[in-house]
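Participant: Predicted structure and sequence below. I'll ask about it afterward.
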Amino acid sequence: MTLKVVILSIGQVDVEALRFVQRGLKQVFPKAEVVVHETVMPIPSKAYNSFRRQYHSTHILAKISNYARKAEAKHVLGVSEADLYAPSLNFVFGEAQCPGKVALVSLFRLKPEFYGEPSDKQLFLQRALKRLYTR
């Protein structure tokens with residue numbers, strides 16, 4: 001049985017970034033089928049914390065998990081450009097079910113502009129790819 005990974009856009013995500021992540025995962029898992037799903041899952045409004053101006057990653061992860069069950073997808077990677085947090089943490093780059101087959105990664109803090117630097121698409125894409133390899 002071939003490993004299948006579905007990349008799911010959570011809210012509007014840069015298409016080039018999604019394709020870059022797809023190619024990177026194919027390099028790491030050369031025998032896997034890695035597909036970018038054409039559906040965009042809206043960011044759950046209940047995940048938003050207006051005081052923090054961030055989204056609670058666990059709420060989004062639960063929605064991704066529901067999507068995975070309905071779609072009968074074995075492995076789903078949600079990719080978002082929203083700023084994420086988890087309780088007791090200022091921010092998170094992502095969250096995963098452990099054990100599990102569903103994960104979420106945020107690209108929000110990977111953009112050089114977030115740190116007051118000039119926009120650099122290549123640096124952004126490299127950071128996105130490295131984020132996937134780091135646990």
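Facilitator: Noted; the coordinates are in hand. Numbers count the residues shown, from 1 in each chain.
Participant: Look up the residues forming beta bridges with the residue nearest the centre of the chain.
Facilitator: With distances taken as CA atoms, centre = their mean, the residue of the chain nearest its centroid is V79 (2.3 Å). V79 forms beta bridges with S9, V105, as assigned by DSSP bridges.
Participant: count of residues packed around D83?
Facilitator: Neighbourhood size, D83 [other CB atoms under 10 Å]: 17. From N, CA and C alone the C-beta is placed, and that goes for glycine too.
Participant: Against Y67, how distant is it?
Facilitator: Shown here: D83 relative to Y67, a distance of 21 Å by CB to CB, to the nearest Å.
Participant: ok, now P42?
Facilitator: According to CB to CB, P42 stands 11 Å off from Y67.
Participant: Specify which residue of the two has the higher count of neighbours.
Facilitator: A direct count of neighbours by other CB under 10 Å for P42 and Y67 places Y67 higher, at 19 against 10.
Participant: Which elements pack onto the host helix or strand of the more buried one?
Facilitator: Using DSSP states H and E, Y67 falls within helix 57-71. If contacts are counted by 3 or more CB pairs under 8 Å, 6 or more residues apart in numbering; DSSP states H and E, helix 57-71 sits against strand 4-10, strand 33-41, strand 75-80, strand 84-85, strand 94-96, strand 102-106.
Participant: If you count neighbours, what's buried in stretch 55-75?
Facilitator: Using 16 or more other CB atoms under 10 Å as the test for burial, stretch 55-75 gives 55-65, 67-68, 73, 75.
Participant: oh sorry, the question was meant for stretch 32-48
Facilitator: 34, 36-37, 41, 43-44, 47.
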